[in-house]
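Enquirer: Need the 3D shape of this:
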Amino acid sequence: MDKKSFIKRIFLVFFPGNSIRIYAKDDVLKAKIKTFKGKEIKLISPKYNFKIGDEVILESMFEGAYYQANFQIKDIVNFGNNEILLSLNLTSTFKIKNKRIIERHYISIPVLIEDKFKGLMWDLNENFLGIVLLNEYLNEIKQNLSIKLSIINFNIIFHGTIVKIRQEFFNLSKFIYEIKILQDPTGLFGHYLEYISGKKFFEDKKNSEVQSDEQ
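Expert: Predicted coordinates:
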């Protein structure tokens, strides 16, 4: 994984509001991330017998991979009746364990969904695209629905089916999209993906004409 992609993932893993696990001694606690900046992270945690100087392991899962690192507690402040605010400093490198056999590649390309909803093509692997969109569009975007995606201004069109929908952050959701047909007359999209990943994608999906049953 290149440095830019790694930094992007770490930022999303430790985004404020995300859940995170604290491994302390023989216990596992579930906390919420308040802030993350540089090597310092602040968590809202259930009350526990933490002490300043304690070493703990933090773990979070994002996009099918587990991210772990060691942190040292530098401050503890009461935060309501049953919670505390922990300030911790990173003391190790991150360990990443990928659950997926096929790695996802991260991109950020604006797309139009069914010619009317704006979304963002966020990631892809050899068979699927991950599309991020606002929750307000979900009442018209359903699982198992066949829809069209287009990359604005480039005449690149995808025809396929939504296989999964899940909420990501706050007012954003993501659906996993299986490509059935890719229309890329100039080959621009394929060349771009090959440039950023070193691999050719969707060769078996390419079709310059949409079949009548896909229209």
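Enquirer: where in the protein is pLDDT low?
Expert: 1-5, 63-64, 98-104, 167-170, 196-197, 206-215 (pLDDT under 70).
Enquirer: Please parse it into its domains.
Expert: Taking automatic domain parsing as the domain assignment, the ranges for the chain are 3-98, 105-210.
Enquirer: List the buried residues of stretch 190-207.
Expert: Neighbour-count burial for stretch 190-207, with 16 or more other Cβ atoms under 10 Å as criterion, is recorded at 190, 192-193, 201-202, 205-206. C-beta: built from backbone N, CA, C; applies to glycine.
Enquirer: contact partners of that stretch?
Expert: Around stretch 190-207, the neighbours that count as contacts under Cβ atoms under 8 Å, 6 or more residues apart in numbering are 105, 107, 124, 126, 179-184.
Enquirer: Is there a quick ChimeraX command that grabs whichever of these are buried?
Expert: The ChimeraX selection below is limited to those of the contacts of stretch 190-207 classed as buried (16+ other Cβ under 10 Å):
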select :105,107,124,179,181,182,183,184
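Enquirer: mind saving the C-alpha coords of stretch 31-50 as CSV?
Expert: Listed next in CSV are the C-alpha coordinates belonging to stretch 31-50 (Å, rounded to 0.1, in the frame of the first residue of the first chain):
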residue,chain,number,x,y,z
ALA,A,31,-15.0,3.5,23.3
LYS,A,32,-15.8,6.4,20.9
ILE,A,33,-13.2,8.6,19.3
LYS,A,34,-13.4,12.2,20.2
THR,A,35,-10.3,13.6,18.4
PHE,A,36,-7.3,12.3,16.6
LYS,A,37,-4.4,14.5,15.6
GLY,A,38,-0.8,13.6,14.9
LYS,A,39,0.1,10.9,17.4
GLU,A,40,-2.5,11.9,20.0
ILE,A,41,-6.0,10.4,20.3
LYS,A,42,-8.8,11.3,22.8
LEU,A,43,-11.4,8.7,23.6
ILE,A,44,-14.7,8.7,25.5
SER,A,45,-14.5,5.4,27.4
PRO,A,46,-16.6,3.6,30.1
LYS,A,47,-15.1,4.1,33.5
TYR,A,48,-12.3,1.6,34.2
ASN,A,49,-9.3,1.3,36.5
PHE,A,50,-7.0,3.0,34.1
